[in-house]
Structure formats: structure tokens, C-alpha cells
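Q: okay, sequence plus prediction incoming.
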Amino acid sequence: MRIISGSKRGQKIIYPKNSNIRPTTDFAKEALFNILNNNYQFSKINVLDLFAGSGNISFEFASRGCKNITCIDINKSIINSLKKNKVKFDFNIKVIQSDALKFLDVCEEDFEIIFCDPPFKFRYYNSLIDKINERNLLKKNGVLVIEHDNNNRFENCYLNKRYGNVNFSFFANE
């Protein structure tokens, strides 16, 4: 897995191989960033990466000039890997070890983009969406992007894109 664009293009992201993370494929990641790039100037936005895993998405944002990124994951070995990679790439990324839903309860910031890539067996999508909306964590004209498998469908998303078994559902805060 590598960073596909920006200042660190082509750099490899190292993560624990014995973990159960499922990094977003380069193909799906490139399509996602093409959509986001048309709507946001990355150097001027705040991004929250929930269920950060390998940091694939956070590092892509940072490589493309985003300066305000917070990534959350509950797994200690994943957090340690994220911290090593952020030093390796010299990225200023906040890395926090926490359960994503519990983090949303105490988060004091708001974001233009919130990206969520929970395990495909995750069952609490509605709680996730509700907490983000109730706490006003998404700025006006911001977007929540949820990566999920083909078994999940969301009625209130404005856009769904499918790339093999990977789906991105987009929710607007207008």
C-alpha cells in the first residue's frame, strides 16, 4: 500500500500485517479523492478519520496538503504504527487511541470531511451518523463519507459509489 498523490507520492505505508485491517485499495482511494478534490481545497480543511486502521486515508490527505487531520483507532498496535508513519512522513497528524463512538461523545472540533471506515461487520452505522449530526461535528457544506461493503445501503446519502466490494456513501451537511 502506498500514497498515490501529493508530496509523498509513491511512499509505502507500513502497518502491522497480523492486524485485521482492510486498507482501502488504491483504485477506490483514487476515485474517492477525485470526488473530494472537486469540492474541497485540502490545505484549508479539517479532516476526521474514524477507524483509521493503516492511516491510508489520513496520509493521503496529508500528502495532498491537508494540515488538520485527526485519526482515531482503538487498536494499540495500529496506533503505534500510525505514529511511526506520521514521523516517517513528517506529517502533523493527531493520532488518538479511542473507540470511535466514544470519541464522538467528547470531540470538541468540527470538520469539513469525516471519513469512516469501520469493519465491514460494524452494526452501529445509525448511531455513528446520529452522533455526528447531534453534536454538529460536520461543518456547513461538509461531508461524511462512510466506506462499507455491498450489504449496507443508506437511504439518506446523496451519493453512493461502488468499486468492487467497496462502497462509499456520502452524506451532506447543507
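A: Sure thing, it's come through.
Q: C-alpha from now on. contacts and neighbour counts both.
A: Will do.
Q: mind listing what's buried in the longest strand anywhere in the chain?
A: Assignment by DSSP state E gives strand 138-148 as the longest strand of the chain. Going by neighbour count (16 or more other CA atoms under 10 Å), the buried part of strand 138-148 is 138-139, 142-148.
Q: now do the longest helix seen in the chain: which elements does it pack against?
A: When secondary structure is assigned using DSSP state H, the longest helix within the chain turns out to be helix 76-89. Other helices and strands packing on helix 76-89, by 3 or more CA pairs under 8 Å, 6 or more residues apart in numbering; DSSP states H and E, are strand 93-97.
Q: now the angle between helix 76-89 and the strand it packs on, please.
A: Computed with axes from the mean of the first three to the mean of the last three CA atoms, to 10 degrees, the direction of strand 93-97 lies at 170 degrees from that of helix 76-89.
Q: let the chain start at 633 from now.
A: Okay, residue one is now 633; in that scheme the one you just asked about reads as strand 725-729.
Q: quick one: buried residues of strand 725-729?
A: For strand 725-729, the buried set under the neighbour-count rule, 16+ other CA under 10 Å, comprises 725, 727-729.
Q: same deal with stretch 655-665?
A: By 16+ other CA under 10 Å, the buried positions in stretch 655-665 come out as 655-656, 660-665.
Q: now, these that are in helices?
A: 660-665.
Q: report how many residues lie close to residue 738.
A: Neighbourhood size, residue 738 [other CA atoms under 10 Å]: 9.
Q: could you export stretch 766-783 as PDB, CA atoms only?
A: What follows is stretch 766-783, C-alpha atoms only, in PDB (Å, rounded to 0.1, in the frame of the first residue of the first chain):
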ATOM      1  CA  GLU A 766     -26.400  15.600  17.100                       C
ATOM      2  CA  ARG A 767     -23.000  17.000  18.100                       C
ATOM      3  CA  ASN A 768     -22.700  19.200  14.900                       C
ATOM      4  CA  LEU A 769     -19.300  17.700  14.200                       C
ATOM      5  CA  LEU A 770     -19.700  18.300  10.400                       C
ATOM      6  CA  LYS A 771     -19.300  21.900   9.300                       C
ATOM      7  CA  LYS A 772     -21.800  23.500   6.900                       C
ATOM      8  CA  ASN A 773     -21.200  22.100   3.400                       C
ATOM      9  CA  GLY A 774     -19.200  19.300   4.900                       C
ATOM     10  CA  VAL A 775     -19.400  15.700   4.000                       C
ATOM     11  CA  LEU A 776     -19.500  12.400   5.900                       C
ATOM     12  CA  VAL A 777     -18.100   9.600   3.900                       C
ATOM     13  CA  ILE A 778     -18.700   6.000   5.000                       C
ATOM     14  CA  GLU A 779     -16.800   3.100   3.400                       C
ATOM     15  CA  HIS A 780     -18.800  -0.100   3.600                       C
ATOM     16  CA  ASP A 781     -19.400  -3.400   1.800                       C
ATOM     17  CA  ASN A 782     -22.200  -4.300  -0.600                       C
ATOM     18  CA  ASN A 783     -24.500  -5.400   2.200                       C
END
